[in-house]
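> show me how the following folds:
(chains A, B, C, D and E)
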Amino acid sequence: MCGRFTLKTPAPQLFEQLSLQLDPAPLGDFPARFNIAPTQSIIAVLGDKGELAPIWMRWGLVPSWSDDLSIGSRMINARSETVSEKPSFRKPFAKQRCLIPADGYFEWQTTKVGSKSTKQPYWIHLPQDKPFVFAGLWDTNTKATGETVLTCTILTAAAAPEIASLHDRMPVLIKPADYQTWLSSEDKEQVERLVKEPVYDETFGPHLWRYHPVSTAVNNPRHDSEANIAQVATT
DNA sequence: CCAGACGTTGTT
DNA sequence: GTCTGG
DNA sequence: CCAGACGTTGTT
DNA sequence: GTCTGG
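Predicted structure coming up:
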């Protein structure tokens, strides 16, 4: 699944490597991130009348009917298998899809040594740490605070065989050729296929994932430095 | 009809 | 154990 | 996802 | 807002 990720690639380079033609100016300046956690601001790219535009959104979807932002902490992921049916995700899946740029994400393996369990994080990334986009959904909410809050969630699917030993779920990726379909198609079947039966080739896809163990400093969301993605030895 | 949930993950 | 905050 | 709180009153 | 459970 995906509950923590990285985005260290600077803006102009980021969108170029993602094959996204858009103006990063609306985002303002932002630092390299090595531990992005739920409830924090993340970048969502949406289709804006044909043009694509990036915008900051709070991670953790808060449905429009909710009067409490805290529900977002439990809506950080949406299962692709059921996303078209769930009350909280159905409308966003139909009309409010987005792309969420990242260049790596973390998974944890829990291992027990005697009675003590330890959580070993791994950083998962593509060769050359090339950026990619998660399939995302967004919604707006004004009931909770009186202000309009934009929020989003990341879709998950069964893990690719290459990383299944690490975890049985993984985030859903959208390849450049499918950006436009994901963002603006009104063909439900076509959109559903992108997350349920994704087609990849040798240049893109989960089979290219690399991963290595990293410091447990990552476990604490307050720790956000480049050291978070350095390989460490496991014991 | 109204009340209450609306979600995922992991672990047991 | 369960929920909230980051 | 993991970490950290989980409660109230009164006082500073 | 919409669905499920009672």
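> these two touch, right, A:T153 and A:S73?
No. Using CB atoms under 8 Å, A:T153 is not in contact with A:S73, being 11.2 Å away. No exception for glycine: its C-beta is placed from N, CA and C like everyone else's.
> and the two? Which one has more around it.
A:T153 (29 against 12; other CB atoms under 10 Å).
> that one and DNA strand E, how far apart?
Per CB to the nearest atom of the strand, to the nearest Å, A:T153 is found 15 Å from DNA strand E.
> which parts of chain A sit against DNA strand D?
Residues of chain A lying close to DNA strand D (CB under 7 Å from any atom of the strand) are A:1, A:3-4, A:37-38, A:73, A:76, A:108, A:110, A:119, A:121, A:216, A:219-221.
> biggest separation within those, which pair?
Maximum pairwise distance among these (CB to CB): 21.8 Å, between A:S73 and A:T216.
> which residues are contacting the longest helix that chain A contains?
Counting by DSSP state H, the longest helix found in chain A is helix A:188-196. Residues outside helix A:188-196 that contact it (CB atoms under 8 Å, 6 or more residues apart in numbering): A:80-81, A:83-84, A:93-94, A:97, A:135, A:155, A:157, A:172, A:174, A:178, A:181-182, A:185.
> and if you look at stretch A:154-172?
By CB under 8 Å, 6+ apart, stretch A:154-172 touches A:1-2, A:59, A:76-81, A:83, A:100, A:105, A:107, A:109, A:122, A:124, A:134-137, A:195-196, A:198, A:205-207, A:209, A:211.
> does any part of it sit near DNA strand C?
No. Stretch A:154-172 stays clear of DNA strand C (CB under 7 Å from any atom of the strand), getting no nearer than 12.5 Å.
> now do stretch A:82-101
No. Using CB under 7 Å from any atom of the strand, stretch A:82-101 never reaches DNA strand C; the gap is at least 14.5 Å.
> tell me which residues in that stretch are buried?
Under the neighbour-count criterion of 16 or more other CB atoms under 10 Å, stretch A:82-101 has A:V83, A:S84, A:S88, A:F89, A:P92, A:F93, A:Q96, A:R97, A:C98, A:L99, A:I100, A:P101 buried.
> name the nearest of those relative to A:I43.
Nearest member of these to A:I43, counting by CB to CB, is A:P101, at 5.4 Å.
> residues touching the closest one, list them.
A:L7, A:L14, A:F15, A:L18, A:I43, A:V45, A:P131, A:F132, A:V133.
> could you pull out the helices in chain A for me?
A:11-17, A:90-95, A:179-184, A:188-196.
> which one of those lies closest to A:N141?
Closest among these, using CB to CB: helix A:90-95, at 11.5 Å.
> find the nearest non-adjacent residue to the residue in chain A that DNA strand D sits nearest to, please.
Using CB to the nearest atom of the strand, the closest approach of chain A to DNA strand D is made by A:G3 at 2.0 Å. With CB to CB, 6 or more residues apart in numbering as the criterion, A:G3 has its nearest non-adjacent residue at 6.1 Å, and that residue is A:I76.
> residues contacting the one you found?
By CB under 8 Å, 6+ apart, the neighbours of A:I76 are A:C2, A:G3, A:P38, A:W59, A:G60, A:L61, A:T153, A:I154.
> tell me the pLDDT of the closest residue to A:D67 other than its chain neighbours.
The shortest distance from A:D67 to any non-neighbouring residue, by CB to CB, 6+ apart, is to A:K143 (4.7 Å). What the model reports for A:K143 is a pLDDT of 94.
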